[in-house]
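1. my questions are about this predicted structure, shown below with the sequence.
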Amino acid sequence: MLTSPSPEGSVDPRQTPDAESSSAPPAPPGGSRYMMMVVSGLLALGLGVGAAALPVPYVVESAGPTFNTLGQDGDKPVITISGRQSFPAKGNLDLTTVVMSGGPKTPATIFEVFRAWLDKSKAVYPEELIYPKGTTAEQTVQQGEIAMETSQENAVAAALRELDIPFEQRLTVAGLSDGSPSQGKLKEGDRLTSINGKAITSMSVIQSELSAGAGAPVAVVVDRNGTAVTETVTPTKNANDRYVLGVLLSSDFTFPFDVKISLDNVGGPSAGMMFALGIVDSLTPGDMTGGRHVAGTGTITPDGAVGAIGGIAQKMIGARQHGATMFLAPAANCADVVGHVPDGLQVVKVETLADATAAVERLGSGKDTSGLPTCANN
């Protein structure tokens, strides 16, 4: 048995003369048992922390920042118009965002997901519902940037169409849908020039002609490598009960003046409608908002149709947190709106840019907005 001398060489009073000769095994000190418990606890804690840091296949959505399309992003105006008179506008037309945790860029941990499940302001989704399997971080960024660029071009086109400002739109075949009635007739790269003798200046010209024909064959003229080619196509109905040519189209625009949109670190198509509203306000004398605070979300087509987006519950929360009193929501998102509207926020259902413009003008003029369309049981 090992002993330690006491101060000044005196004998430790706990030592007994016959301790070394005792036949009984020495009892372990009480401190050893305590140390074993501490080590075991630390080991369990370490394993728990390690497990909590492991990535899990879920995505967490939470409310992100808002950006006033009538204001600045840092030291740059969000919307700058050159070559045509514009009018500085007061008030807010905020685009809304969500912050995504999880997926290829920033994998979520089980701890983050568990906290989000307990937080009613956040949403948790299986990763495959947001990102197709095999999507890389680089692809996610690239897709977001392309979608944002497309939404900005569509926003300019929609705003100019809303204000009856002419521009040129060229529609080119980018591909054919499965079972397309245009199979073997229209080809990728064809530029559509006319349908039944009417010049194709926008998608609405095609849709109007197909609707009027109620399924009758149409004569489509395309520019194919510099040569005019006429094809007869019999349209079919799609899942939305609309007659279609079964082609995927890409748009190319020539605008009469320059509209530049500057917004860093935001991707995707969901800001389209709010960009379009900001452009309309900037090209119109006076303040469309009347100095009020409006926010919203929604994709936009060149013809002004507003489409559904993701994360609308979190976007409404973010809008209200940043001071908005009115929120413009795509009609197609109404099922996600009901039951999630924050206190103090009026949600207005919109299907087109014209609907959104009318709602903002009504609010800005000080008129009663209670009769504006809403999602049932907001």
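-> Arrived safely, thanks for sending. Note that the coordinates shown come from a computational prediction; the quantities given were computed from them, not determined experimentally.

2. could you pull out the helices for the stretch 1-150 of the chain?
-> Taking DSSP state H, counting those that start in this stretch, the helices of the stretch 1-150 of the chain run over residues 30-52, 110-117, 127-130, 137-162.

3. same check on the stretch 151-300 of the chain?
-> 203-213, 272-282.

4. so which elements touch the first one?
-> This means helix 203-213. Packing partners of helix 203-213 (3 or more CB pairs under 8 Å, 6 or more residues apart in numbering; DSSP states H and E): strand 191-195, strand 198-199, strand 243-244. The C-beta positions use only the backbone N, C-alpha and C, and glycine is treated the same way.

5. run me through the strand neighbours of the second one, direction for each.
-> On the basis of DSSP bridges, the sheet neighbours of strand 198-199 come out as strand 191-195 (antiparallel).

6. okay, the angle between the strand it pairs with and helix 203-213?
-> 40 degrees (axes from the mean of the first three to the mean of the last three CA atoms, to 10 degrees).

7. rewinding a little: let me know which of the helices of the stretch 151-300 of the chain is tucked in deepest.
-> helix 272-282 (a mean of 28; mean count of other CB atoms under 10 Å).

8. related to what we said a few turns ago, need the helices and strands packed on helix 203-213 in a markdown table (columns: mean neighbour count and mean pLDDT).
-> Listed next are the helices and strands packed on helix 203-213 as a markdown table, based on neighbours: other CB atoms under 10 Å; pLDDT from 0 to 100:
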| stretch | mean neighbour count | mean pLDDT |
| --- | --- | --- |
| strand 191-195 | 19 | 96 |
| strand 198-199 | 12 | 94 |
| strand 243-244 | 20 | 93 |
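
9. and the ones you listed as a markdown table, adding distance to residue 256?
-> Converted to a markdown table, the helices and strands packed on helix 203-213 look like this (distance: least, CB to CB, whole Å):
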| stretch | distance to residue 256 |
| --- | --- |
| strand 191-195 | 21 |
| strand 198-199 | 18 |
| strand 243-244 | 31 |
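
10. and these: which comes nearest residue 262?
-> strand 191-195 (30.6 Å; CB to CB).

11. who touches that closest one?
-> Applying CB atoms under 8 Å, 6 or more residues apart in numbering, the contact partners of strand 191-195 are 170-173, 199-200, 205-206, 209-210, 218-224, 228, 249.

12. so which helix or strand of this protein has the lowest pLDDT on average?
-> Within the chain, no helix or strand scores below helix 30-52, which has a mean of 52 by mean pLDDT, DSSP states H and E.

13. thinking again about what came up before, among the helices of the stretch 151-300 of the chain, which is nearest residue 96?
-> Here helix 272-282 is closest among the helices of the stretch 151-300 of the chain (CB to CB), at 7.9 Å.
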